[in-house]
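Q: quick one, fold the following:
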Amino acid sequence: MKIWAIVSDFPKVTETFALANVQAFRRAGHQADVFHIKPFRSGEIVHPEAQDIVDAAKHLGYVTPRTLALAMLGCLRSPVQTMRVIRRIFGAFRTQPKHLGISLMLVPQALAMGQMARRAGVDRLYAEFAGYPATVAWIASRTSGIPFGFSAHAHDIFITQGLLDVKARRAAFVRTISEFNRRFLVQKAGVPQDKVHVIRCGVSPDRADCDLPEPPSGAEPFRILFVGALLPRKGVDVLLRALAHLPKSLTWTLQIIGGGSQDTVLRQLAQSLPEGRVTFDGPQPSDKVRQAMSGAHLVVVPSVEGAEGRSEGIPVVLMEAMAQGRPVIASRLSGIPELVEDGHTGRLVPPGDVQALATRIEHVLSNYEAALRMAAAGQARVRSHYNIDQNAAELLALIKGA
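A: Presented below is the predicted three-dimensional model:
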């Protein structure tokens with residue numbers, strides 16, 4: 001079976017789950033490729049194991065001659081469906097000019113992609129996000145006849161619910177990553193309950209074959225790790241402020257892996273902490289991230305709700321850390337409590353609460369044996385529920401049944 005997985009940005013180091021799914025589809029014997037809506041991100045880190053998928057990725061410009069020619073063909077083949085699509089877009093976003101403009105801008109590309117996929121013999125279209133990728137898949141499906149389904153992760157459903165019910169009704173399935181999202185889709189977005197399937201993201205099972213960390217000995221500091229984009233919704237500023245509240249008797253270091261718009265601001269904030277305690281290592285390939293996790297005593301994911309309702313789903317970095325047996329502290333946000341059960345598989349704090357985060361960090365570092373017991377339970381949970389091979393197989397079954 002030939003599958004095209006549709007994403008917006010590509011490649012994107014913070015969306016490794018999209019590549020992991022395509023890799024799993026290929027391992028299962030299918031021809032799976034990525035179609036990316038936006039131009040190729042040439043400056044992004046590409047993990048070595050994903051290079052062949054990146055090299056084979058498909059793309060069409062928004063208004064190139066090829067796009068317009070294929071779009072015209074799609075429109076001529078399905079004029080009624082094309083007009084219905086445009087009318088639906090206007091109806092869904094009449095009070096949201098930004099989303100209206102972008103959605104209309106995508107129509108030629110989506111029409112063209114449908115015809116391109118039809119010529120290539122594509123059997124299924126799968127959108128990795130419920131926002132613009134699902135819009136492109138919906139339009140392409142309506143005008144090419146190729147079945148489609150889509151996944152719903154986080155801010156792709158929280159920012160706007162426009163068109164969600166329309167796309168869901170036309171889709172063969174809607175996959176989402178948490179029970180939190182399932183309730184949101186049904187109750188807030190009007191998505192038919194029988195269309196929604198909860199299938200977690202996950203990590204490779206060999207990642208969960210690690211020993212638990214040893215407590216620091218002697219003068220060795222507690223090594224704290226943050227991995228993620230340096231964006232406001234990631235809450236790195238909350239973490240840095242929390243560290244300032246720790247007792248001076250605790251010796252710690254913080255390693256920050258990732259890049260983003262808040263880099264300069266966060267470096268300035270870190271200057272208020274003891275010199276040499278915080279390092280900024282920028283974006284790193286997957287092997288370097290795993291190496292950093294294997295050396296960490298604690299991984300912190302201090303996410304907060306961002307602008308326009310942007311929020312985490314269940315961060316893959318938490319799955320990676322727990323798979324490697326690292327104690328974790330995370331925000332009680334979105335679907336995170338389904339993975340990090342407070343007091344059992346890790347620790348939770350209210351989003352943005354500096355003092356609560358400081359208290360939790362101090363408690364973990366001062367009671368590390370208890371933290372290791374939770375880490376062992378967390379590792380077991382990832383093994384049983386967040387196995388990428390099992391979960392990708394479930395997703396593939398939905399795609400095949402479309």
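
Q: just how off-centre is stretch 277-295 within its chain?
A: Put simply, stretch 277-295 sits 19 Å off its chain's centre (CA atoms, centre = their mean, to the nearest Å).

Q: should've said stretch 305-318
A: Distance of stretch 305-318 from the chain centroid (CA atoms, centre = their mean) equals 8 Å.

Q: and that stretch, what's buried?
A: 305, 306, 310, 311, 312, 313, 314, 315, 316, 317, 318 (16 or more other CB atoms under 10 Å). (C-beta placed from N, C-alpha, C; glycine too.)

Q: quick check: phi and psi on the closest residue to residue 385 other than its chain neighbours?
A: Spatial nearest neighbour of residue 385, excluding adjacent residues (CB to CB, 6 or more residues apart in numbering): residue 200 at 6.0 Å. Dihedral pair for residue 200: phi -70, psi 160, per degrees, to the nearest 10.

Q: element containing the most far-flung residue of the chain relative to its centre, please.
A: Distance from the centre of the chain peaks at residue 218, with 38.6 Å (CA atoms, centre = their mean). Here residue 218, judged by DSSP states H and E, is contained in no helix and no strand.

Q: ditto for residue 110
A: Element membership of residue 110 [criterion: DSSP H and E] is helix 97-119.

Q: against which helices or strands is the next helix or strand after that helix packed?
A: Once helix 97-119 ends, the next helix or strand along the chain (criterion: DSSP H and E) is strand 124-127. Strand 124-127 sits against strand 2-7, helix 132-144, strand 148-152, helix 388-400, with contacts defined as 3 or more CB pairs under 8 Å, 6 or more residues apart in numbering; DSSP states H and E.

Q: need these in CSV with mean pLDDT and mean neighbour count, can you?
A: CSV is the format used below for those (pLDDT from 0 to 100; neighbours: other CB atoms under 10 Å):
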stretch, mean pLDDT, mean neighbour count
strand 2-7, 98, 23
helix 132-144, 97, 27
strand 148-152, 97, 28
helix 388-400, 94, 18
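
Q: tell me which of these sits nearest to residue 269.
A: With CB to CB as the criterion, residue 269 lies closest to strand 2-7 of the helices and strands packed on strand 124-127, at 32.3 Å.

Q: what is the subsequent helix or strand relative to that closest one?
A: Where DSSP H and E defines the elements, the next helix or strand beyond strand 2-7 is helix 16-27.

Q: and the gap between the closest residue to residue 37 other than its chain neighbours and residue 39?
A: Distance criterion CB to CB, 6+ apart; nearest residue to residue 37, sequence neighbours excluded, is residue 8 at 4.9 Å. With distances taken as CB to CB, to the nearest Å, residue 8 is found 11 Å from residue 39.

Q: the helix holding residue 110: which residues count as buried?
A: 99-100, 103, 106-118.

Q: closest to residue 177 among these?
A: residue 99 (22.6 Å).

Q: contacting residues for the closest one?
A: 93, 160, 162 (CB atoms under 8 Å, 6 or more residues apart in numbering).

Q: hmm, back to that, count of residues packed around the residue nearest to residue 385?
A: Using other CB atoms under 10 Å, the number of residues around residue 200 comes to 24.
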